[in-house]
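# Just to be clear, the model below is a prediction. Sequence and coordinates:
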Amino acid sequence: MDSLTASTMWLIPVQNQSWVSEFILIGFSSDPTTNSILFIVFLPIYLSSVLGNGLIIMLVCLDTQLHTPMYFFLCVLSLLDMSYVTTTMPQMLVHLLAHSQTISFAGCWLQMYVFGALGMTESILFVVMAYDRYVAICYPLRYTVILNWGLCIKLVSKTCVCGFFFSLLHTSFTMSLPYCGPNRVNHYFCEGPSVRTLACMDTHLIEMVDFVLSVFVVLSPVFLIVASYIHIVKAILNIKSTQGRCKAFSTCASHLTVVTLFYVPATYVYMRPNSSYSPERDKQVSLFYNVFTALLNPVVYSLRNKDIKRALLKVMGLGRVDW
């Protein structure tokens, strides 16, 4: 009888509990003038990101000379970047001008899931791209044999499956928490750590699960990339020609740059202790690896890439130009 009473008393508060049906994304400022300025700043950035990545996808698809594993992976990266920034930026731009900054619980769930899936997929794709550079430099004569189109498609497919699966775990754990009180998310989109702070329970267990996922999706790829580049550097140093060494290093420079731009802020946000959580700082860091990385990637891969420049001039009808 006592156990039945205790059980009943435990159920009553749960039944009377009010659950959050929507969240309010605070964004960067509550001042309309400031938000208007931010809209003017971020709209060109978003459009440039989409156009830049879309241009690389178009060039790779149209130019048969770019139909190689390296540019295939670059095309996939551009598609991920374009989708990645579109998951958050259009909504942020609308909220900068709108009076209402709400997002439904289901909408928040979906945004968190897609954003996480694309981010995790991109994180793993960087490992695939490092493997591509490893094979190209260490086994140049067998490059097209080892990285045949069947293997390339399998690598990209499995990368996507891993990214979307692990994001499902992360999102399910976070959004299954009880949200019964505050619903103001101090962020410009539904990012896991920011939403989790509103849960009406201790979240240490979920944080541990997230940390394990982060180790697998963030740190493990970093270690694999470092291991690949150790072998790459050894192979480059064995090249007798100075011009050959410079050319080999040049093919890796773009990849190393975008890897650094992505992993440094991502590691800070998802690998740091929860006690050091700072909403304002996290918004700025997230803005960098979400928005500016998607903007800079096409620039980084285009500025020093003769093949991309040649393909662009060819599409523009300017003919062949020697660089």
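It's in.
# quick one: low-confidence parts of the protein?
The chain contains residues with pLDDT under 70 at 1-18, 272-277, 303-304, 318-323.
# In this protein, which residue is most central in space?
Gly119 (2.8 Å; CA atoms, centre = their mean).
# Tell me how many other residues surround Thr34.
By other CB atoms under 10 Å, 13 other residues sit near Thr34. In this view, the C-beta of every residue, glycine as well, is placed from N, C-alpha and C.
# Same check on Leu295?
Using other CB under 10 Å: Leu295 sits among 19 other residues.
# For the one helix or strand it maps to, report the contacting residues that lie outside it.
Using DSSP states H and E, Leu295 sits within helix 293-303. Contact with helix 293-303 is made by 45, 48-49, 52-53, 55-56, 74, 77-78, 81-82, 84-85, 254, 257-258, 261-262, 308-309, 312, as judged by CB atoms under 8 Å, 6 or more residues apart in numbering.
# So in this protein, which helix runs the longest?
Assignment by DSSP state H gives helix 105-138 as the longest helix of the chain.
# That one - contacts with which helices or strands?
In terms of contacts (3 or more CB pairs under 8 Å, 6 or more residues apart in numbering; DSSP states H and E), helix 105-138 is packed against strand 22-25, helix 69-86, helix 143-146, helix 149-175, helix 192-196, helix 220-237, helix 242-271.
# Hmm, Ile24 and Gln101 touching each other?
Yes. Using CB atoms under 8 Å, Gln101 is in contact with Ile24, at 5.6 Å.
# More neighbours: these two, which one.
Of the pair Gln101 and Ile24, Gln101 is the one with more neighbours under other CB under 10 Å, namely 20 against 16.
# how near is that one to Ala130?
Look at Gln101 and Ala130: by CB to CB, to the nearest Å, they are 40 Å apart.
# before we move on, what about Phe216?
17 Å.
# Pick out whichever of those two has more residues nearby.
Ala130 (23 against 15).
# contacting residues around the more buried one?
224-225, 228-229, 255, 259.
# hmm, which two among those are most spread apart?
Spatial extent of the contacts of Ala130 (CB to CB) is set by the pair Leu224 and His255 at 13.2 Å.
# Compare neighbour counts for the two and give me the winner.
His255 (23 against 16).
# Can you report how many residues neighbour Val218?
When neighbours are counted by other CB under 10 Å, Val218 registers 19.
# same deal with the one 5 residues further on?
A total of 10 residues lie near Phe223 under the criterion other CB under 10 Å.
# I figured Ile124 hits Phe165, correct?
No. With contact defined as CB under 8 Å, Ile124 does not reach Phe165; the gap is 11.0 Å.
# Please identify which of the two sits among more neighbours.
Ile124 (22 against 12).
# and the more buried one, what is it in contact with?
159, 162-163, 217, 221.
# swap the cut-off to 6 Å and go again
Ile124 sits next to 159, 162, 221 when contact means CB atoms under 6 Å, 6 or more residues apart in numbering.
# mind checking how far stretch 296-315 is from the chain centre?
Remark: stretch 296-315 is offset 22 Å from the chain centroid, using CA atoms, centre = their mean, to the nearest Å.
# Make residue 1 into 5 and carry on from there
Sounds good: first residue 5 from here, last item stretch 300-319.
# buried sites along it?
By neighbour count on 16 or more other CB atoms under 10 Å, the buried set for stretch 300-319 is 300-302, 304-306, 309, 311-312, 314-316, 318.
# now swap in stretch 112-121 and tell me
By 16+ other CB under 10 Å, the buried positions in stretch 112-121 come out as 112-121.
# Let me have the residues you listed in a markdown table, adding distance to Trp153 as columns.
Shown next, in a markdown table, are these (distance: CB to CB, whole Å):
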| residue | distance to Trp153 |
| --- | --- |
| Cys112 | 39 |
| Trp113 | 36 |
| Leu114 | 33 |
| Gln115 | 34 |
| Met116 | 34 |
| Tyr117 | 30 |
| Val118 | 28 |
| Phe119 | 30 |
| Gly120 | 29 |
| Ala121 | 25 |
